[in-house]
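*Asks:* I would like the atomic coordinates for the input below:
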Amino acid sequence: MKIVKFETWWVKRNKCLFDEKRKGKSSMDWDVVVLKLTTDNGYQGIATALAARSGRVTESYLHDNIAPVVLGASPYDREKIWHELWNIDRHLTFFPVYLPGPVDVALWDICAKAAGLPLYQYIGAYRQSLPVYASGLFHEDPQEYVREALYYKSRGINCYKAHPSGPWELDMEIHENIRKAVGPDMKLMSDPVAEYTLEEAVRVGRHLEKLGYEWLEEPFRDFELNKYTQLCAALDIPIAATETTRGCHWGVAQVINQKAADIVRADVSWKCGVTGTLKIAHLAESFGMQCEIHTTTMNYMDLVNLHVSCAIRNCRYFEYFVPEEDFMFPMKGLLPIDEKGIITVPDKPGIGGELDWELIERNCVSHQMEVLE
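*Replies:* Coordinates of the predicted model:
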């Protein structure tokens, strides 16, 4: 079995999900590039790639740098392809963090389908479901965090992560208001995506400890390892990091070695696919650490995250980015979450999700195809 066709669809969605403060002056329409790999015996691997700033950049990397590696290769040679792409990256390609993960995902999808197994069973199943936590975006109105947490609690999701908008004093107020509103039993996390000073982060962290939050995530940029090390030493609340750490498991290893996180983060979009995410999860497990899987911001790829999460032990939750309607595109249907806030992995061969091809064709900016000669 070998890859004989490499296709992409750059799909426009005409929607920005960030406010002006985080968007900046450049475009951020949150487009996606759909990737389809087809084998000589008819199996297809499907993935979606983030294109939040430029679909043209994502599309060009895929066709100029990745297609030549994948075409003609066996999808079973995932590890070989994975390392070849790292070799190309090192020698003046510098892939965006969200590539080449989708290519690896598509290869795994093919192999699981060929085996007739759901992806998580093809990897090696540990469980079939996980509790979800609702994870909202930034809100200009501080009361919106309270309304959002209460809404998802009413839907049976007893876990919520806030992305408070700053500054740190307001973030502390938001944290306290959420706790007062939802009561003591709802599990809460905070992810300010902040640029706190060390002193500010310590103050916020100690406040979160009093409020009974599960973890504090990304109070600094991921490369500020010395600040993270000092923060982890100063606080009892776990510090979650490595969401945007470059270098896949090699980068995360430096964080673990410097005791700069208590919980590490990974996902199949930003950490080089299923292969990279498994490497990080297993690395963390060897140090007795949780690897909480991070949303890809795309429901279809979050299904892949779910498969990986159900194939490892050291992950407690599924990150459910809300409102879900903003992240469905271009997948058909909602994520399989029940009335008790539990998500169950699909039991169809491969990833088990279905894309809306009619929507894709209707909103397609560019369709490109490479075929093995």
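*Asks:* And residue 229, how far from residue 328?
*Replies:* 39 Å (C-beta to C-beta, to the nearest Å). Using the backbone N, CA and C atoms, a C-beta is placed for each residue, glycine as well.
*Asks:* in this structure, which spans are strands?
*Replies:* 3-11, 31-39, 44-51, 129-135, 159-162, 187-190, 216-217, 239-241, 263-266, 290-293, 318-321, 342-344, 364-371 (DSSP state E).
*Asks:* Let's have the ones you listed in a markdown table, adding mean pLDDT, distance to residue 114 and mean neighbour count.
*Replies:* Putting the strands of the chain into a markdown table (pLDDT from 0 to 100; distance: least, C-beta to C-beta, whole Å; neighbours: other C-beta atoms under 10 Å) gives the following:
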| stretch | mean pLDDT | distance to residue 114 | mean neighbour count |
| --- | --- | --- | --- |
| strand 3-11 | 98 | 13 | 22 |
| strand 31-39 | 97 | 8 | 23 |
| strand 44-51 | 96 | 10 | 24 |
| strand 129-135 | 98 | 25 | 21 |
| strand 159-162 | 98 | 36 | 24 |
| strand 187-190 | 98 | 38 | 22 |
| strand 216-217 | 98 | 37 | 26 |
| strand 239-241 | 98 | 36 | 25 |
| strand 263-266 | 98 | 26 | 26 |
| strand 290-293 | 98 | 25 | 26 |
| strand 318-321 | 98 | 27 | 24 |
| strand 342-344 | 98 | 24 | 18 |
| strand 364-371 | 97 | 21 | 14 |
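*Asks:* Out of these, which is closest to residue 93?
*Replies:* strand 44-51 (15.6 Å; C-beta to C-beta).
*Asks:* Kindly export the closest one (C-alpha atoms) in CSV.
*Replies:* Only the C-alpha atoms of strand 44-51 are listed here, as CSV (Å, rounded to 0.1, in the frame of the first residue of the first chain):
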residue,chain,number,x,y,z
GLN,A,44,-8.3,7.5,2.2
GLY,A,45,-6.9,9.4,5.2
ILE,A,46,-8.5,12.7,6.1
ALA,A,47,-7.3,15.5,8.3
THR,A,48,-7.8,19.3,8.7
ALA,A,49,-5.0,21.8,9.1
LEU,A,50,-5.3,25.2,10.9
ALA,A,51,-5.2,28.2,8.6
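*Asks:* Kindly calculate the angle that that strand makes with strand 31-39.
*Replies:* 160 degrees (axes from the mean of the first three to the mean of the last three C-alpha atoms, to 10 degrees).
*Asks:* Just the residues contacting strand 44-51, thanks.
*Replies:* 10, 30-38, 57-59, 62, 75, 98-99, 101-103, 105-110, 113, 269, 296-298, 300-301, 304, 330, 350-351, 355 (C-beta atoms under 8 Å, 6 or more residues apart in numbering).
*Asks:* Can you select the buried ones from the residues you listed in PyMOL?
*Replies:* Of the contacts of strand 44-51, the buried ones can be selected in PyMOL as follows, counting by 16 or more other C-beta atoms under 10 Å:
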select buried, resi 10+30+31+32+33+34+35+36+37+38+58+59+62+75+98+99+101+102+103+105+106+107+108+109+110+113+269+296+297+298+300+301+304+330+350+351+355
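*Asks:* can you tell me which of the contacts of strand 44-51 are in helices?
*Replies:* The helices, defined by DSSP state H, take in 57-59, 101-103, 105-110, 113, 300-301, 304 from these.
*Asks:* Name the nearest of those residues relative to residue 211.
*Replies:* For those, the nearest to residue 211 is residue 301 (32.1 Å; C-beta to C-beta).
*Asks:* pretty sure the closest one contacts residue 108?
*Replies:* No - between residue 301 and residue 108 there is no contact, the gap being 11.9 Å when judged by C-beta atoms under 8 Å.
*Asks:* And the pLDDT for residue 41?
*Replies:* Here, the pLDDT recorded for residue 41 equals 97.
*Asks:* how about it, what does it touch?
*Replies:* Residue 41 sits in contact with residue 1, where contact means C-beta under 8 Å, 6+ apart.
*Asks:* Residue 40 too?
*Replies:* By C-beta under 8 Å, 6+ apart, the neighbours of residue 40 are 1, 2, 4.
*Asks:* leaving aside the residues next to it on the chain, what's closest to residue 202?
*Replies:* residue 234 (5.2 Å; C-beta to C-beta, 6 or more residues apart in numbering).
*Asks:* Surely the one you found and residue 199 touch.
*Replies:* No - Residue 234 lies out of contact with residue 199 (C-beta under 8 Å); the separation is 10.0 Å.
*Asks:* more neighbours, these two?
*Replies:* residue 234 (14 against 10; other C-beta atoms under 10 Å).
*Asks:* Spit out the contact partners of the residue nearest to residue 200 when sequence neighbours are not counted.
*Replies:* Nearest residue to residue 200 in three dimensions, chain neighbours excluded: residue 168, at 4.4 Å (C-beta to C-beta, 6+ apart). Applying C-beta under 8 Å, 6+ apart to residue 168 gives the contacts 192, 194, 196, 200, 201, 203, 204.
*Asks:* wait, isn't the second one in contact with residue 222?
*Replies:* So that's residue 194. No - contact criterion C-beta under 8 Å: residue 194 and residue 222 do not qualify, at 11.9 Å.
*Asks:* more crowded one of those two?
*Replies:* Neighbour count, other C-beta under 10 Å: between residue 194 and residue 222, residue 194 has more, with 23 against 19.
*Asks:* Need phi/psi at that one.
*Replies:* phi -110, psi 170 (degrees, to the nearest 10).
*Asks:* Relative to residue 156, how far out is residue 307?
*Replies:* 23 Å.
*Asks:* in the chain, which helix or strand is least confident?
*Replies:* Sorting the helices and strands of the chain by mean pLDDT, DSSP states H and E puts helix 20-23 at the bottom, at a mean of 66.
*Asks:* Please parse the chain into its domains.
*Replies:* 1-115+355-369, 118-342 (the TED database).
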